[in-house]
Structure formats: C-alpha cells, structure tokens
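K.L.:
A structural model of the following input is requested.
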Amino acid sequence: MNTLEQLEQQVLRLSPEDLAKFRVWFIELDHQLWDTQIEADARAGKLDRLINEARAEFKAGKVREL
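P.N.:
Below is the predicted model of the structure:
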C-alpha cells in the first residue's frame, strides 16, 4: 500500500469531529498553496497577458466595473 492509500485509510477512520477539523485544515492548506502559486506566477510575469487582456476589454467597454 502506498503513502496515499495509507492516508486515505486513515482519513476514513477519523471520527466525524476529527474529519471536520481535518477538512477545515485541508481547505486552508489548499488555499495557502493556491495563493503561493498565484503570487509566484505573478512575479514571474505569467499573468501579464491575462491582466493586459482584461484591461483592454475594460477600456473597450466590454466589461463593466463592479
């Protein structure tokens, strides 16, 4: 059994209370990892094209301000 399979089995054995705590922790971890990736992509210029496209569409009146 590999590590992931072992982890899955352990999660299945959690009490409802511990599963709820784990879920909250995991969602927060997932959000933090996503934020870290977005920040790295932004610093690397990987989002520049999307930002420029969005600005051009806004200036062209294709989208409206919220």
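
K.L.:
for this protein, what spans make up the helices?
P.N.:
3-12, 16-43, 48-59 (DSSP state H).

K.L.:
shaky segments in this protein?
P.N.:
65-66 (pLDDT under 70).

K.L.:
Just give me the residue closest to the centre of it.
P.N.:
residue 34 (3.4 Å; CA atoms, centre = their mean).

K.L.:
Against residue 16, how distant is that residue?
P.N.:
27 Å (CB to CB, to the nearest Å). No exception for glycine: its C-beta is placed from N, CA and C like everyone else's.

K.L.:
Count the neighbours of residue 19 for me.
P.N.:
The local packing of residue 19 (other CB atoms under 10 Å) involves 13 other residues.

K.L.:
Please apply the same query to residue 55.
P.N.:
For residue 55, using other CB under 10 Å, the count is 11.

K.L.:
can you dump the C-alpha coordinates of stretch 56-66 into CSV?
P.N.:
The C-alpha coordinates for stretch 56-66 follow below in CSV (Å, rounded to 0.1, in the frame of the first residue of the first chain):
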residue,chain,number,x,y,z
ALA,A,56,-8.1,46.2,-22.8
GLU,A,57,-11.6,44.7,-22.6
PHE,A,58,-12.5,47.1,-19.8
LYS,A,59,-11.2,50.1,-21.8
ALA,A,60,-13.2,48.9,-24.8
GLY,A,61,-16.4,48.8,-22.7
LYS,A,62,-16.7,45.0,-23.0
VAL,A,63,-16.9,44.7,-19.2
ARG,A,64,-18.2,47.0,-16.5
GLU,A,65,-16.9,48.0,-13.2
LEU,A,66,-18.3,46.1,-10.2
